[in-house]
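In: Based on what follows, work out the 3D shape:
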Amino acid sequence: METGLKVCLIHVVAAILASIASAALSLGWLSFFGENMVFASLIGLVVLYVVGQLCERIFGKEEVGGFRRWLSDGIIPFGLVWFVVWTLLFNYLGPF
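Out: Reported below is the predicted structural model:
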């Protein structure tokens, strides 16, 4: 499998997990934070950074290809999947 595809798949799986955590925070399931959208957003950014560093260490800096390639293989898929799944979970599981 190509390195770009592996990086993309790792970011998509991490985005789904981060969106579940973000939905839990934004819905107030974690009582020590309350309903906090700011922390929910920060979880996504922190997970994105950690997964990017992890991919860089696993595959090597040269294979990942720098920021421009990380943007297309990691940041955009992560952001898209994270936001869509978070929105669906928030609206589906919300207190409406």
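In: On the three-state scheme, the residue nearest to the spatial centre of the chain is what?
Out: For the chain, the residue nearest the mean C-alpha position is Ala15 (3.0 Å; C-alpha atoms, centre = their mean). Reducing the assignment at Ala15 to three states with DSSP: H, G, I helix; E, B strand; the rest coil gives helix.
In: Check whether it really touches Pro77, as I assumed.
Out: Yes. The pair Ala15 and Pro77 passes the contact test of C-beta atoms under 8 Å, sitting 7.2 Å apart. Backbone N, C-alpha and C define where each C-beta goes, glycine included.
In: can you give me the helices in the protein?
Out: Counting by DSSP state H, the chain has these helices, from start to end: 3-26, 37-59, 61-64, 66-70, 76-93.
In: Out of these, indicate the one that is most buried.
Out: Mean neighbour count (mean count of other C-beta atoms under 10 Å) peaks for helix 3-26 among these, with a mean of 19.
In: Which other helices and strands does that helix contact?
Out: helix 37-59, helix 61-64, helix 76-93 (3 or more C-beta pairs under 8 Å, 6 or more residues apart in numbering; DSSP states H and E).
In: can you put these in JSON lines and add distance to Ser19?
Out: Output for the helices and strands packed on helix 3-26, formatted as JSON lines (distance: least, C-beta to C-beta, whole Å):
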{"stretch": "helix 37-59", "distance to Ser19": "7"}
{"stretch": "helix 61-64", "distance to Ser19": "23"}
{"stretch": "helix 76-93", "distance to Ser19": "4"}
